[in-house]
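here is a sequence together with a model predicted from it:
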Amino acid sequence: MKPLARIAAALGLAAAVITPSPALAADPVLHDHPLPGLRAEAELTDLAAPAQNQIWIVGYQALKPGYPGNPVVHRWNGRRWAGFTIPDFSSRGVLRSVSATADGVWIGGTKDGAAYIAQYVNGAFTQVAAPAGLRSAAPEQTSAGVWLPGDPRTGVIWRREGTAWAPYAMPMQKVLAVKALGGQAWAVGGAPAEDDSVPGVARFTGTAWENVPYPAPFSEGSILEDVLPRTADDIWVAGTDYTRGEPRPTEPLLHRYDGATWTPVPLPPEVIGLNSIARDDSGKVWISGLAQAPGWDARPRPVLIGTSPDPIAWTVVEVPFDGESGVHHEGWDTLGVEAGTSRIWLLADTRPNGPVLSTG
């Protein structure tokens, strides 16, 4: 989900592979998966895989470069793609997010400069009124409720309670992801500061959101982009430090929290940024991101990395695509694990060829 900063980089080299642990002997080989018919200027912004044979993608297909609009919602049912009508949505609108669990599917974006929200009900999407004044929407369907981050710097997040949105004070300026395990929800993004580039973590206590101090790197431009409550005392957060220079434009952030202490997780040396994080049914952790081999002429490319939680032993999985460029979008959900199957789905944006969907 979620828009904002993008770092484009030309594609250059094959992936280095870290020797996997025995637990990773059955790691996937990703294959290119056909996308629905889209215009040449299409951009896919979010992915969700809440159930077997239920893969959702959203985005837009612009009529010409620089003019985003014409939103699209498609679902893969195991055999084909099906497109959905978006109610009360003009061609100038843009969908940015889809969030789904077994409890429901929500989409969000912007329509005519205001937030747009819709819920999937009885086989179709139904528009849901957004809080007054909200300019863009990225609802998060979780086991702890449906959450709607407020506009950056407002310090508010909304929760769906009955047929209304209830505001909660939020100890961070920009929320990029909300995930839950049971009734406990976690959020990551940018913490309060002079700008929104300091990583932030918050936990929902059941009645309020509280700040969870995070060991921010010595940096002026880093942020956490996704969170995975793997167990009640094993919370993973992933993000990117944007203030690096050549030859590595960024550095990855990855920590685990046991309820008291943050522990950095070592990563393959070629990884330079992290996007989305998920777990499969066996408990393995998977993260989408960018990698770059050493060398002045080496260029980043999209990758999928995976490990068993203990011990940490990463493998780097190829993301197949034809093109010259991989693009990093801050906060977009690019990774999903199809519930009940452990089948991985990965959405990548490339230049000049546009979006690519891989599965394995």
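All right, it came through fine. Small disclaimer: the values here were computed from a predicted structure and weren't measured.

let me see the mean pLDDT of the helix or strand hosting Q61.
Following DSSP states H and E, one finds Q61 within strand 54-62. The pLDDT scores in strand 54-62 average 91.

repeat that for stretch 138-157.
Mean predicted confidence for stretch 138-157 is 93.

contacts only, for L181.
Counting by C-beta atoms under 8 Å, 6 or more residues apart in numbering, L181 touches S143, P229, R230, T231, A232. C-betas here are computed from N, CA, C, even on glycine.

mind running it again at 6 Å?
By C-beta atoms under 6 Å, 6 or more residues apart in numbering, L181 lies in contact with P229.

ditto for W236
For W236, the contact set (C-beta under 6 Å, 6+ apart) comprises L228, R230, R256, I277.

most surrounded residue in these?
When neighbours are counted by other C-beta atoms under 10 Å, I277 leads the contacts of W236 with 26 neighbours.

wait, a strand at that one?
Yes. Assessed with DSSP: H, G, I helix; E, B strand; the rest coil, I277 lies in a strand.

show me what it is bridged to.
Beta-bridge partners recorded for I277 (DSSP bridges): I287.

you'd agree it is up against D226?
Yes. Using C-beta atoms under 6 Å as the test, I277 is close enough to D226 to be in contact (4.7 Å).

who touches both of these two?
A238.

re earlier: take the contacts of W236 and keep only those in strands.
Taking DSSP state E, the ones among the contacts of W236 that sit in strands are L228, R230, R256, I277.

for these, which one is nearest L176?
Minimum distance to L176 across the ones in strands among the contacts of W236 is 11.9 Å, recorded for I277 (C-beta to C-beta).

now do the same contact list for that closest one.
D226, L228, W236, A238, I287.

ok, now with 10 Å
For I277, the contact set (C-beta atoms under 10 Å, 6 or more residues apart in numbering) comprises 177, 179, 188, 225-228, 230, 236-239, 254, 285-289, 305, 333, 335.

what does G206 give?
Listed by C-beta under 10 Å, 6+ apart, the contact set of G206 reads A144, G183, Q184, A185.

can you pull out the strands in the stretch 151-300 of the chain?
For the stretch 151-300 of the chain, the strands defined by DSSP state E, counting those that start in this stretch occupy 156-161, 164-169, 174-181, 184-190, 199-204, 209-211, 222-231, 234-241, 251-257, 262-264, 271-279, 285-291.

now distance to D112 too, for those, in a markdown table please.
What follows is the strands of the stretch 151-300 of the chain, written out as a markdown table (distance: least, C-beta to C-beta, whole Å):
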| stretch | distance to D112 |
| --- | --- |
| strand 156-161 | 20 |
| strand 164-169 | 20 |
| strand 174-181 | 23 |
| strand 184-190 | 26 |
| strand 199-204 | 30 |
| strand 209-211 | 30 |
| strand 222-231 | 28 |
| strand 234-241 | 32 |
| strand 251-257 | 36 |
| strand 262-264 | 42 |
| strand 271-279 | 29 |
| strand 285-291 | 32 |
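
among those strands, which is nearest A102?
strand 174-181 (12.9 Å).

between the contacts of G206, which sits nearest G340?
A144 (21.3 Å).

and that closest one, what does it touch?
Counting by C-beta under 10 Å, 6+ apart, A144 has contacts 159, 178-186, 204, 206, 229.

and the gap between it and Q184?
Here A144 is placed at a distance of 6 Å from Q184 (C-beta to C-beta, to the nearest Å).

W158 now?
18 Å.

higher neighbour count, these two?
Taking neighbours as other C-beta under 10 Å, W158 and Q184 compare with W158 leading, 21 against 17.

so where is the stretch 201-350 of the chain shaky, pLDDT-wise?
Scanning the stretch 201-350 of the chain with the threshold set as pLDDT under 70 gives 220, 244-246, 296-297, 323-327.

any residues in contact with both of A144 and Q184?
Counting by C-beta under 10 Å, 6+ apart, the shared contacts of A144 and Q184 are F204, G206, P229.

and for the last one, the neighbour number?
When neighbours are counted by other C-beta under 10 Å, P229 registers 23.

heads up, I number from 14, so please use that
Yep, numbering from 14; the last one is P242 now.

helix or strand right after the strand holding Q74?
Counting by DSSP H and E, the next helix or strand C-terminal to strand 67-75 is strand 84-89.

for that following strand, the averaged confidence score.
94.

pairing partners for it, with directions?
strand 67-75 (antiparallel), strand 94-96 (antiparallel).

and the ones you listed: which comes nearest N366?
Closest among the strands paired with strand 84-89, using C-beta to C-beta: strand 67-75, at 14.6 Å.

hang on, the earlier thing: only C-alpha atoms, please: export the strand holding Q74 in PDB.
Coordinates of each C-alpha in strand 67-75 appear next as PDB, following Å, rounded to 0.1, in the frame of the first residue of the first chain:
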ATOM      1  CA  GLN A  67      -7.900 -15.100  -3.800                       C
ATOM      2  CA  ILE A  68      -5.200 -12.800  -4.900                       C
ATOM      3  CA  TRP A  69      -6.000  -9.100  -5.100                       C
ATOM      4  CA  ILE A  70      -4.200  -6.300  -6.900                       C
ATOM      5  CA  VAL A  71      -5.000  -2.600  -7.300                       C
ATOM      6  CA  GLY A  72      -3.600   0.300  -9.100                       C
ATOM      7  CA  TYR A  73      -4.400   2.500 -12.100                       C
ATOM      8  CA  GLN A  74      -3.900   2.600 -15.800                       C
ATOM      9  CA  ALA A  75      -3.100   6.100 -17.000                       C
END
